[in-house]
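>>> please work out how this folds:
(2 chains)
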Amino acid sequence: MGIKIGDKPYAERIQAGIDNSFMRQAVSSAQGRFRSGRLKAAEELGDWEDWRTLGEEIRHHTMENLDYYLHQLSEQVEKRGGTVFFAETAEEANAYVQEVAKKKQARKVVKSKSMVTEEIGLNEALQQSGCEVVESDLGEWILQLDEDPPSHIVTPALHKNKEQIRETFANKKGYTKTDQPKELAAFAREQLRKDFPEADLGVTGCNFAVAESGAVTLVTNEGNARMVTSLPDTHIAVMGMERVVPTWEELEVVVSLLTRAAVGQKLTSYITALTGTRLEDETDGPEDFHLVIVDNGRSKILGTEFQSALHCIRCAACINACPVYRHVGGHSYGSIYPGPIGAVLTPLLDGYEDHKDLPYASTLCAACTEACPVKIPLHEHLIRHREIIVEREHMGAKSEEWMMKGFAKWASTPAAYKLSTKMARTAMKPWTKDEQIEKGPGPLKGWTESRDFPAPAKKNFWEWYKQREKRRGEA
Amino acid sequence: MTVHNRTSFLDRVADNLGRERRTDVKPPVYSVKPQDRVFQGATQDELIEKLEVQCQVIHTSFERTVLADLGDSLQNVLASFEGSRKVISAGGPRLDEFGMRGIYEALGKEGFDLRVWNDQEGDVTFAEQAGVGIVFSDITLAESGTVTLFNDTHNGRSISLLPETFIAIIPKSTLVPRMTQAARVIHEQEQQGNPVSSCVSFITGPSNSADIEMNLIVGVHGPVKATYLLVEDL
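Numbering: from 1, shown residues only, chains lettered A, B, ... in the order given. Down below sits the predicted model:
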């Protein structure tokens, strides 16, 4: 699939989001529940700010010493019988996994939810190699059957309702029961239970890897990641290179931050730490383990003003707090990473060309920054992106650039400025209703499509000020 | 070689960080330690209370028993499941410490088909068919209601995963405030050169999902029901 989803222009994507009333209602109610869960969890702890400070310090220290910790991690994995592949690009990562699949003569691959494998388009690569790939997270399975991309990091199928899911199950898998979530899930359980023992390869992401021991940790509620890593003979874990922590002591802090910030859980149902291959006297677990560590543009972010974007622990708290996401939904971002963190990260990983609109999909209200459990200054990064887009990349809307140039010239010519402020009210009269402009012409069009603009005042400031001073003198 | 492309990859990382490769890093000193404050100074009995409250949040039944009554208590829990009589249990030294062999023998006479992990071939297949999986918690986290399992030759990963119902026997002595203490044990063992087990499972109640319209569904891939049986062993 790749980081970019679909080719529709930004404005069309936004409009589609706004027009999808089920999705908007679902997103807004989910946001409410996720947010209250997070706030309740923070309140219970009582010292959430200390936790955030610790989270930030851990992530900062790890990024500053990333080469050291990745080296240590790879040494430990090797010591425990695993193979480590460092992949600079998505293509390299995919080619390596394809090679392992070929060696194992793999026909069926079961996967647990993983953003990084979506980012590099691993499923397509495996399918090209002749493998059947089965997503086993309930939400991801629904999306896979429907050939639809995820719209949220934590609940990927948030934009779908149960009637749509029932229809998908009926069309693709011959499901005959009702649209009750319990029945739908029971059907998925029954179907997927057949896939796990048949699979030759289990592919997972990695929430966090522990450098000191070589453990790869998976945070889930459903238990599918345990199936994927217990039953097939080969396990391949794919991780973004930033997802490492120094020791188990840091691991537990970032895991606690993740589960609390995501949905308000103290811990999820399953947190599974897997180290290398199964031992000689063990009878379940994989006998072959591969860890693929992916750069895919991440190292370019190191050493820049955006480095803290790599601190992200993928909890989606920023997404759940964002008023823009609330109105347009995840698909509008055109990236598998939606919301504020997506708007920051996607242009860094995939360039500005296809994603120059994303930093504008924000009100800069800073709710995202406040929600972030590791204190990434998300709204400041968005502002900086905008500056870069306008100044360095010259990619801002042309009309905006001309307008700003025109404004500068006009504002620095006193006579023109004076005249136009006097004329403004008269000029805008045809569009003015009750002191508001609802459908403005020219540069006002974009603004007034989504909100009203106040009509120019009857008097300009200087006229008002002079009159006021005069009245004061008279009094 | 079983590590590929490491040098060029890590050189690029160091280069972008604007320095030479680092071969040594001092353990960091963090400015705050909020994790140590959770339930600080609580007694084992106070931790049991916290655990019991948390069990309601995680849809898990909670029972207390003493060593002498463990067999009866286990029978009651099994009866409450009203399901399959095929049971898979973890093995290891705790079987003897808690008198489980006698208890399992008695259950066998009651018609239960009970197998201890790694006593025979084909345990994974048996676990797939079993209705109940029984494990001993190695470290129990009161705050989150989590049992920690160090999976090994006596304690297969499948026991707590494949059967529809899940019973964790929790020795009172294994209770700690939260994940901090469990992580510290593993960290200290690592430092002493005792490597962590190939799979550490932190399990908090039955499996669940909220993927369909945010409705909580209990039991998606893993167990549908869970019971914690706390045993006074102190």
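>>> drop to CA atoms for contacts and neighbour counts, all remaining ones
OK.
>>> show me where the chain dips below the pLDDT cut-off.
Since no chain was named, I'll use chain A. Counting by pLDDT under 70, chain A contains low-confidence ranges at A:1, A:393-407, A:410-411, A:441-451, A:475.
>>> my question was about chain B, not that one.
Residue ranges of chain B with pLDDT under 70: B:1.
>>> any idea how far chain B is from A:Leu39?
Counting by CA to the nearest CA, to the nearest Å, the gap from A:Leu39 to chain B is 17 Å.
>>> which strand or helix spans that residue?
Assignment of secondary structure by DSSP states H and E places A:Leu39 within helix A:21-45.
>>> can you list the residues that contact stretch A:453-464?
Identification of contacts with stretch A:453-464 by CA atoms under 8 Å, 6 or more residues apart in numbering or on different chains yields A:Thr421, A:Lys422, A:Ala424, A:Arg425, A:Met428, A:Thr432, A:Glu435, A:Gln436, A:Ile437, A:Glu438, A:Trp447.
>>> now stretch A:34-46
Among residues not part of stretch A:34-46, those counted as contacts by CA under 8 Å, 6+ apart are A:Trp48, A:Arg260, A:Ala261, A:Ala262, A:Val263, A:Gly264, A:Gln265, A:Lys266, A:Ala317, A:Asn320, A:Ala321, B:Val38.
>>> please convert the buried members of those residues into ChimeraX selection syntax.
The following ChimeraX line selects those of the contacts of stretch A:34-46 that are buried, judged by 16 or more other CA atoms under 10 Å in any protein chain shown:
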select /A:48,260,261,262,263,264,265,266,317,320,321
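>>> still on that earlier bit, and which of the contacts of stretch A:453-464 is nearest to A:Pro414?
Closest approach to A:Pro414 among the contacts of stretch A:453-464 (CA to CA): A:Thr421, at 10.7 Å.
>>> quickly find the element holding the closest one.
Assessed by DSSP H and E, A:Thr421 sits inside helix A:414-428.
>>> next: A:Glu370.
Element membership of A:Glu370 [criterion: DSSP H and E] is helix A:367-371.
>>> residues making contact with that helix?
Outside helix A:367-371, the residues that reach it (CA under 8 Å, 6+ apart) are A:Ala261, A:Ala317, A:Cys318, A:Ile319, A:Ala321, A:Cys322, A:Pro340, A:Lys375, A:Ile376, A:Pro377, A:Leu378, A:His379.
>>> and A:Asp50, how many neighbours does it have?
Look at A:Asp50: counted by other CA atoms under 10 Å in any protein chain shown, it has 16 neighbours.
>>> now do the strands in the chain.
Assuming you mean chain A. Remark: strands assigned in chain A by DSSP state E are A:83-87, A:108-111, A:132-135, A:201-204, A:208-210, A:215-220, A:234-240, A:244-245, A:270-275, A:288-294, A:432-433, A:436-437, A:453-454.
>>> actually chain B
Listed in chain order, the strands of chain B (DSSP E) span B:3-4, B:61-66, B:86-89, B:113-116, B:132-136, B:139-141, B:146-151, B:165-171, B:175-176, B:199-203, B:208-209, B:217-218, B:225-232.
>>> just checking, what packs against the second one?
Applying 3 or more CA pairs under 8 Å, 6 or more residues apart in numbering or on different chains; DSSP states H and E, one finds that strand B:61-66 makes contact with helix B:44-57, strand B:225-232.
>>> bridged to B:Leu114, which residues?
With DSSP bridges applied, B:Leu114 shows beta-bridge pairing to B:Val87.
>>> B:Leu74 versus that one, what's the distance?
Distance, B:Leu114 to B:Leu74, by CA to CA, to the nearest Å: 13 Å.
>>> go on, A:Ser213?
Following CA to CA, the distance that separates A:Ser213 from B:Leu74 is 36 Å.
>>> okay, the two: which has more neighbours?
Taking A:Ser213 and B:Leu74 together and counting by other CA under 10 Å, A:Ser213 has the greater number of neighbours (28 against 20).
>>> who are the neighbours in contact with that one?
By CA under 8 Å, 6+ apart, the residues touching A:Ser213 are A:Leu73, A:Gln76, A:Val77, A:Thr247, A:Thr275, B:Glu190, B:Pro195, B:Val196.
>>> mind listing the helices for the stretch 101-250 of chain A?
Using DSSP state H, counting those that start in this stretch, the helices of the stretch 101-250 of chain A run over residues A:115-120, A:122-128, A:138-146, A:162-173, A:181-198, A:224-230, A:248-263.
>>> closest to B:Arg21 out of those?
Proximity to B:Arg21 (CA to CA) singles out helix A:248-263 among those, at 22.6 Å.
>>> quick one: contacts for the residue positioned nearest the centre of chain A?
Central residue check for chain A by CA atoms, centre = their mean: the C-alpha nearest the mean position is that of A:Tyr337, 2.9 Å away. Contact analysis of A:Tyr337 by CA under 8 Å, 6+ apart lists A:Ile3, A:His152, A:Ile153, A:Ala343, A:Leu345, A:Thr346.
>>> tell me how far the residue nearest to the fourth one when sequence neighbours are not counted lies from chain B.
Spatial nearest neighbour of A:Ala343, excluding adjacent residues (CA to CA, 6 or more residues apart in numbering or on different chains): A:Leu358 at 4.9 Å. Applying CA to the nearest CA, one obtains 25 Å for the distance of A:Leu358 from chain B.
>>> can you get me a residue count around A:Leu358?
Other residues near A:Leu358 come to 26 when the count uses other CA under 10 Å.
>>> next up, the contacts around it.
Taking CA under 8 Å, 6+ apart as the criterion, A:Leu358 is in contact with A:Tyr333, A:Ala343, A:Val344, A:Pro347.
>>> if we go to 10 Å?
In this structure, A:Leu358 makes contact with A:10, A:332-335, A:338-340, A:342-347, A:352, A:382, A:385-386, judged by CA atoms under 10 Å, 6 or more residues apart in numbering or on different chains.
>>> and the residue of the stretch 301-450 of chain A nearest chain B?
With CA to the nearest CA as the measure, the residue in the stretch 301-450 of chain A that lies nearest chain B is A:Gly303; the distance is 4.6 Å.
>>> spit out the contact partners of that residue.
Contacts of A:Gly303 by CA under 10 Å, 6+ apart are A:Met63, A:Glu64, B:Val13, B:Ala14, B:Asp15, B:Asn16, B:Leu17, B:Gly18, B:Arg19.
>>> not counting sequence-adjacent ones, nearest residue to the fifth one?
By that I understand B:Asp15. Counting by CA to CA, 6+ apart, B:Arg21 is the residue found nearest to B:Asp15 once chain neighbours are left out, at 7.8 Å.
>>> with the fourth one instead?
Nearest residue to B:Ala14 in three dimensions, chain neighbours excluded: B:Arg21, at 5.3 Å (CA to CA, 6+ apart).
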